[in-house]
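[1] task: produce atomic coordinates for the following.
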Amino acid sequence: MAKKKVTFGNLLEPALALIEFSSIAAGIHAADAMIKRAPIYLIKTGTVQPGKYLVLIGGEVADVEESLTEGRDLGGSHIIDYVYLPQVHREVVSSIGGGRVPEKTDALGVIETKTVAAAIHAADAGIKGAEVRLLEVRLADGLGGKGIVLFSGLVADVEAAIEIGVGALESPDMLVWEIVIPQLHEEMWNNLGDATRFRTRVIDKL
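    Okay, here's the model as predicted:
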């Protein structure tokens, strides 16, 4: 059973893990076993496009690791990908919860991944390894199940974050594309700083 209810913004524990399931039924089964296995502080679950099931947990390192092991054992062949971050960066936690840092800076870096877990892994590695900010981390819905990570900062720092983030991926096959754009046009900063969803931009602005 979970120890207490906390929000993403108030998550003080050092560990975070996510498992991405191809089967919704298998994901629900695994999530139930995971929360019974260890006293984790946070568990968030649900469906995402295209018909996947995500289980996100947070808490003390040993507890999260034990819960993750239980989920992986039960999930078996239904697991698409997973990520385990024993010392997750606070800005990654905020971004997963919908937080954004829409600061206009010198350059934009983008990592596009095939899975949600890979995007979270790349975001955490990149922001820990370079002096950048996370403009946004978007996961699955509206992306056909993919993930995107947007870094902002000075060109050299963004280049470093992209290299580190891509290098942290478990497999090169998880990468869809990576790019660093120096001196992004102001109108593109306005677009990306407001939202990356086209529908959101159209509804709000037209």
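[2] contacts and neighbour counts: CA atoms only from here.
    Will do.
[3] burial measure for the nearest residue to residue 54 once chain neighbours are set aside, as a count.
    The shortest distance from residue 54 to any non-neighbouring residue, by Cα to Cα, 6 or more residues apart in numbering, is to residue 20 (4.8 Å). Applying other Cα atoms under 10 Å, we find 25 other residues in the vicinity of residue 20.
[4] list the buried residues of the host helix or strand of residue 159.
    If you go by DSSP states H and E, residue 159 is part of helix 155-167. Going by neighbour count (16 or more other Cα atoms under 10 Å), the buried part of helix 155-167 is 155, 157-166.
[5] and stretch 178-195, by the same measure?
    Within stretch 178-195, the residues that qualify as buried are 178, 180, 182, 189, 192-193, 195, counting by 16+ other Cα under 10 Å.
[6] pretty sure residue 91 is in contact with residue 135, am I right?
    No: using Cα atoms under 8 Å, residue 91 is not in contact with residue 135; the gap is 9.8 Å.
[7] which stretches of this structure form helices?
    Assigned by DSSP state H, the chain shows helices spanning 24-37, 61-75, 90-96, 116-129, 155-167, 186-194, 198-205.
[8] mind checking those helices for the one nearest to residue 14?
    helix 61-75 (6.5 Å; Cα to Cα).
[9] list the buried ones in the closest one?
    So for helix 61-75, counting by 16+ other Cα under 10 Å, buried means 61, 63-65, 67-68, 70-72, 74-75.
[10] contacting residues for the residue nearest the centre of the chain?
    Closest residue to the average C-alpha location of the chain: residue 120 at 3.0 Å, with Cα atoms, centre = their mean. Applying Cα atoms under 8 Å, 6 or more residues apart in numbering to residue 120 gives the contacts 83, 92, 137, 149.
[11] among those residues, which ones are buried?
    Taking 16+ other Cα under 10 Å as the criterion, what is buried in the contacts of residue 120 is 83, 92, 137, 149.
[12] any idea which of those is closest to residue 127?
    Proximity of the buried ones among the contacts of residue 120 to residue 127, judged by Cα to Cα, is greatest for residue 92, which lies at 8.2 Å.
[13] so the closest one makes contact with residue 123?
    Yes: if you go by Cα under 8 Å, residue 92 and residue 123 touch, sitting 6.7 Å apart.
[14] mind listing the shared neighbours of those two?
    Common contacts of residue 92 and residue 123 (Cα under 8 Å, 6+ apart): 134, 137.
[15] can you redo the contacts of residue 120 as JSON lines with distance to residue 14 and pLDDT?
    Listed next are the contacts of residue 120 as JSON lines, based on distance: Cα to Cα, whole Å; pLDDT from 0 to 100:
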{"residue": "83", "distance to residue 14": "14", "pLDDT": "98"}
{"residue": "92", "distance to residue 14": "12", "pLDDT": "95"}
{"residue": "137", "distance to residue 14": "19", "pLDDT": "95"}
{"residue": "149", "distance to residue 14": "21", "pLDDT": "98"}
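[16] which segments of the chain make up each domain?
    The record's domain parsing of the chain by automatic domain parsing lists 8-85, 99-205.
[17] re the thing from before, for the helix holding residue 159, name the packing helices and strands.
    Judged by 3 or more Cα pairs under 8 Å, 6 or more residues apart in numbering; DSSP states H and E, the packing partners of helix 155-167 are strand 107-113, helix 116-129, strand 147-153, strand 175-182.
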